[in-house]
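Peer 1: What follows is a predicted structure for the sequence shown.
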Amino acid sequence: MKKILYGLYSIIIIGIIICIINSGIFSSENAEEIAAGEKIYNKQCLICHGENGKGEGKNAGTAINNQQYLNTVSDKDIYNSVKHGREGTGMPSYGLRLSEDELNNVVTYIRNWQTEEIQFDVPKTVAGDVVNGEKLYNVYCMNCHGEGGSGKLKMGTALSNPQYLKYTTDKQIWISTAYGRDDTRMAATLKGLNGVRQLKKEEITDIVTYIRSLEAK
């Protein structure tokens, strides 16, 4: 009987070890950077972006842990957002608060949330009708993102923000508009997807063209 029990215990222990190994807990090449980045994130970012990066923090913060966002931005984009912040919003610049290593560790920690690869169908060039884009923006986007892209607290990003427009490409804005962000107020708008709004590619391009025009205002 004891031999049988010992055998069962051995099988259970071996199974646990295999599960831990397969989980990748100890295999990540960036394990140290991720751990260091998590500490910085918890100290500097959690209060706004939330423990899980879903924007569920005590203060208003953008949801940065969703696959659409993580598949749209590069590590350099995340780095720029953290380092330069967003002038006139709740997102401060951390360029003088954190060292280069600390900034990069935070980026590595955020990137570690990405669990899938998404292929987006994006126009090769994003150039549309700015007048029609403004009309469409006022109907479909202004309620959350504010008049002229000024943004609304806990509702929508300030799209006219200088840092946002400087470090965000037209294609990135197009993807965010068309495909939305899971588990946020930003639903998909592209025709054929699950969003309430069913906009054509050309209409989304017009909206993005209008948003880009805010850069000069």
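Peer 2: That came in fine, so what should we check first? Numbers count the residues shown, from 1 in each chain.
Peer 1: Report the contact partners of the nearest residue to Asn52 once chain neighbours are set aside.
Peer 2: Closest residue to Asn52 apart from its sequence neighbours, by CB to CB, 6 or more residues apart in numbering: Asn65 at 5.9 Å. Yep, even glycine has a C-beta here, placed from its N, CA and C like the rest. Shown in contact with Asn65 (CB atoms under 8 Å, 6 or more residues apart in numbering): His49, Asn52, Gly53, Lys54, Ile110, Trp113.
Peer 1: again, but for Glu215
Peer 2: Ser160, Pro162, Leu165.
Peer 1: mind putting those in JSON lines, secondary structure, distance to Asp101 and neighbour count included?
Peer 2: Putting these into JSON lines (DSSP: H, G, I helix; E, B strand; the rest coil; distance: CB to CB, whole Å; neighbours: other CB atoms under 10 Å) gives the following:
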{"residue": "Ser160", "secondary structure": "coil", "distance to Asp101": "33", "neighbour count": "20"}
{"residue": "Pro162", "secondary structure": "helix", "distance to Asp101": "27", "neighbour count": "14"}
{"residue": "Leu165", "secondary structure": "helix", "distance to Asp101": "28", "neighbour count": "20"}
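Peer 1: how far away is Lys191 from Gly128?
Peer 2: Distance from Lys191 to Gly128, counting by CB to CB, to the nearest Å: 16 Å.
Peer 1: With neighbour numbers in mind, choose between these two.
Peer 2: Gly128 (23 against 14; other CB atoms under 10 Å).
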